[in-house]
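> sequence below, structure please.
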Amino acid sequence: MIRIGKIVATHGINGAVIMTHIAADSKWLKKGHALMVEMQKGSYIPYFVADFKVGNESEFVINIEDIDKVEAAKKLVSKAVFVNEDVLAAYAKQSPLLWIGFTVTDVHKGLLGPMEDVMQSPSQWLGKVMVGDKEVLIPLVEPILREVNLRSKRVIIEMPPGLIDVYLD
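Down below sits the predicted model:
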């Protein structure tokens, strides 16, 4: 499962919720999809999308099956939402935000560590990885990216020779 967003508020009196998401596109959500809501750390409960509308590029207003009162919807506010990797497979390359927490491996240096954050600069996405006590910024562009595997939560890169060493010296 991949964390896709968070339920941030209720909407109206009929139990709809507002969910923010980090996918680069809002076309991934479909009626009937299961949203896995993390009710407690490590405990996920499936909620099924009865209907939804796009609020803006990073928000949905969602009606959930079997929730028709605002009181029931309030229990979901502030909870993280996860979806199956298959749902987002087509959008994985478009949104490096989905890669936060993935293991980063360089073909020359080996295992670097988990992707702790992703930032967008004017020209490209940058991934932040802590190697020891040093912060390494990785350009998330085609010449460097070798593989992004959603199932194994792994990003394989090939940094130009010496670039990682600049951070580590």
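> centre-most residue in the protein?
The chain has residue 98 as the residue nearest its centroid, 3.1 Å off, counting by Cα atoms, centre = their mean.
> a helix runs through that one, doesn't it?
Yes: Residue 98: assigned to a helix according to DSSP: H, G, I helix; E, B strand; the rest coil.
> just the C-alphas of the longest strand along the chain, formatted as CSV.
Criterion DSSP state E: the longest strand present in the chain is strand 43-56. The C-alpha trace of strand 43-56 is given here as CSV (Å, rounded to 0.1, in the frame of the first residue of the first chain):
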residue,chain,number,x,y,z
SER,A,43,-4.3,-0.7,11.6
TYR,A,44,-6.1,-0.1,8.2
ILE,A,45,-9.8,-0.2,7.7
PRO,A,46,-11.2,-0.3,4.1
TYR,A,47,-13.8,2.3,3.1
PHE,A,48,-15.3,2.1,-0.4
VAL,A,49,-15.9,5.2,-2.6
ALA,A,50,-19.7,5.5,-3.3
ASP,A,51,-19.3,8.7,-5.2
PHE,A,52,-16.8,11.6,-5.5
LYS,A,53,-16.1,14.9,-7.1
VAL,A,54,-12.8,16.7,-7.7
GLY,A,55,-12.5,19.7,-5.4
ASN,A,56,-9.3,21.0,-7.0
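> other SSEs contacting the following helix or strand past it?
For strand 43-56, the following helix or strand on the C-terminal side (DSSP states H and E) is strand 59-64. Judged by 3 or more Cβ pairs under 8 Å, 6 or more residues apart in numbering; DSSP states H and E, strand 59-64 is in contact with strand 16-21, strand 43-56. (Each C-beta comes from the backbone N, C-alpha and C, glycine too.)
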